[in-house]
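Peer 1: need the 3D shape of this:
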Amino acid sequence: MFQNRTYRSLSKRKGLVAFGATVKETDLHIQAQSDLKDTAVRSVLKAREMIESYGRTDPSFLTSLVPVKAKFPAPDIALSMIEAGNLANVGPMAAVAGAVAEFTGKKLLATSNEVIVENGGDIFMKLDTEAVFGIYAGNSVLSMKTGVRIQNQGSPVALCTSSGTLGHSKSFGRADAATVVSASCALADATATALGNLVHTESDIEGAIEQGAAIPGILGIIIIKGKSLGAWGDLELVRLS
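Peer 2: Model (predicted):
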């Protein structure tokens, strides 16, 4: 059962067409220059087929909560999840939402110059102009009060958020939001999960950020717990009204 993701109604970008792509547990909200739902659904089906097929050859890929080694031959999407998990010190499925979002988004970029693919708080995007993304942090007083300005970098970028206080994703922490920016959506997703696991109280924010900053490929981090916010990296934070 999918959650009522009402925040999606707040994310409409001018000049883009919004549509959804739902396959089993995968529920994407997509914006592109035209309605590419059929292409998106086919891409999700392909991504899921590759992940599930590889999982049948290596069941630990689907269940492990710690890093695993790749068993070849493996599809690129599975390898990206394994690599992300190894870098972030979590299991590969911690990167699945980001990996599917990125796989789908890259397929859509063959037709649309601008794309935003959101998969349960994990966002893959390629934009021609800057955009501000608000951080949803549940019951925190800072929820949707802080945004991140994403500049046009000429290449895709990912913004992924994990929470231990809302949503259905597995987390061993109590962060209201652990948000990570990276060029890799799989890595951003896995790292957001890893950092969210580390935060139980506001005093854990600094240590979690230090660990995340040491991971190669991470461009920025924002962690929210209660009334506290910590940030690191090449980020421009924006106060939202």
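
Peer 1: show me the shaky parts of this structure.
Peer 2: Low-confidence segments of the chain (pLDDT under 70): 1-11, 165-171.

Peer 1: mind listing the strands for it?
Peer 2: Under the criterion DSSP state E, strands of the chain are mapped to 17-23, 26-32, 115-119, 122-126, 131-134, 146-150, 157-162, 177-182, 218-225, 228-233, 237-239.

Peer 1: hey, which of these is tucked in deepest?
Peer 2: Ranked by mean neighbour count under mean count of other Cβ atoms under 10 Å, the strands of the chain are led by strand 177-182, which reaches a mean of 29. Where you see a C-beta, it was placed from the backbone N, CA and C, and this is true even at glycine.

Peer 1: and the angle for it with strand 157-162?
Peer 2: When axes from the mean of the first three to the mean of the last three Cα atoms, to 10 degrees is applied, the directions of strand 177-182 and strand 157-162 differ by 160 degrees.

Peer 1: re earlier: of the strands of the chain, which is nearest residue 193?
Peer 2: strand 157-162 (4.7 Å; Cβ to Cβ).

Peer 1: for that closest one, list the C-alpha coordinates in CSV.
Peer 2: Output of strand 157-162 as CSV, limited to C-alpha atoms (Å, rounded to 0.1, in the frame of the first residue of the first chain):
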residue,chain,number,x,y,z
VAL,A,157,22.4,15.1,-9.9
ALA,A,158,20.6,13.3,-7.1
LEU,A,159,19.0,14.5,-3.9
CYS,A,160,17.9,11.6,-1.6
THR,A,161,16.3,11.7,1.9
SER,A,162,16.0,9.0,4.5
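
Peer 1: note down every partner strand of that strand and its orientation.
Peer 2: The strands beside strand 157-162 in its sheet (DSSP bridges) come out as strand 122-126 (antiparallel), strand 177-182 (antiparallel).

Peer 1: got a markdown table for the strands of the chain, with distance to residue 79 too?
Peer 2: Below are the strands of the chain laid out as a markdown table (distance: least, Cβ to Cβ, whole Å):
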| stretch | distance to residue 79 |
| --- | --- |
| strand 17-23 | 22 |
| strand 26-32 | 19 |
| strand 115-119 | 19 |
| strand 122-126 | 17 |
| strand 131-134 | 28 |
| strand 146-150 | 26 |
| strand 157-162 | 17 |
| strand 177-182 | 16 |
| strand 218-225 | 19 |
| strand 228-233 | 26 |
| strand 237-239 | 33 |
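
Peer 1: so which of those strands is nearest residue 84?
Peer 2: strand 177-182 (9.1 Å).

Peer 1: which residues touch the closest one?
Peer 2: In this structure, residues lying in contact with strand 177-182 by Cβ atoms under 8 Å, 6 or more residues apart in numbering are 135-138, 140, 143, 148, 150, 157-163, 187-189, 191-193, 195-196, 199, 208, 212, 217-224, 233, 235.

Peer 1: for residue 123, see how far away the nearest residue to residue 146 once chain neighbours are set aside is.
Peer 2: Nearest non-adjacent residue to residue 146, counting by Cβ to Cβ, 6 or more residues apart in numbering: residue 135, 5.4 Å away. The gap separating residue 135 from residue 123 is 11 Å, by Cβ to Cβ, to the nearest Å.

Peer 1: equivalent analysis for residue 52, please.
Peer 2: Residue 52 is 24 Å from residue 123, by Cβ to Cβ.

Peer 1: same check, this time on residue 44
Peer 2: Using Cβ to Cβ, we find residue 44 at a distance of 16 Å from residue 123.

Peer 1: so how many other residues sit close to the residue nearest to residue 32 when sequence neighbours are not counted?
Peer 2: Leaving aside its sequence neighbours, residue 32 sits nearest to residue 112 (Cβ to Cβ, 6+ apart; 3.9 Å). Neighbours of residue 112 under the rule other Cβ atoms under 10 Å: 19.
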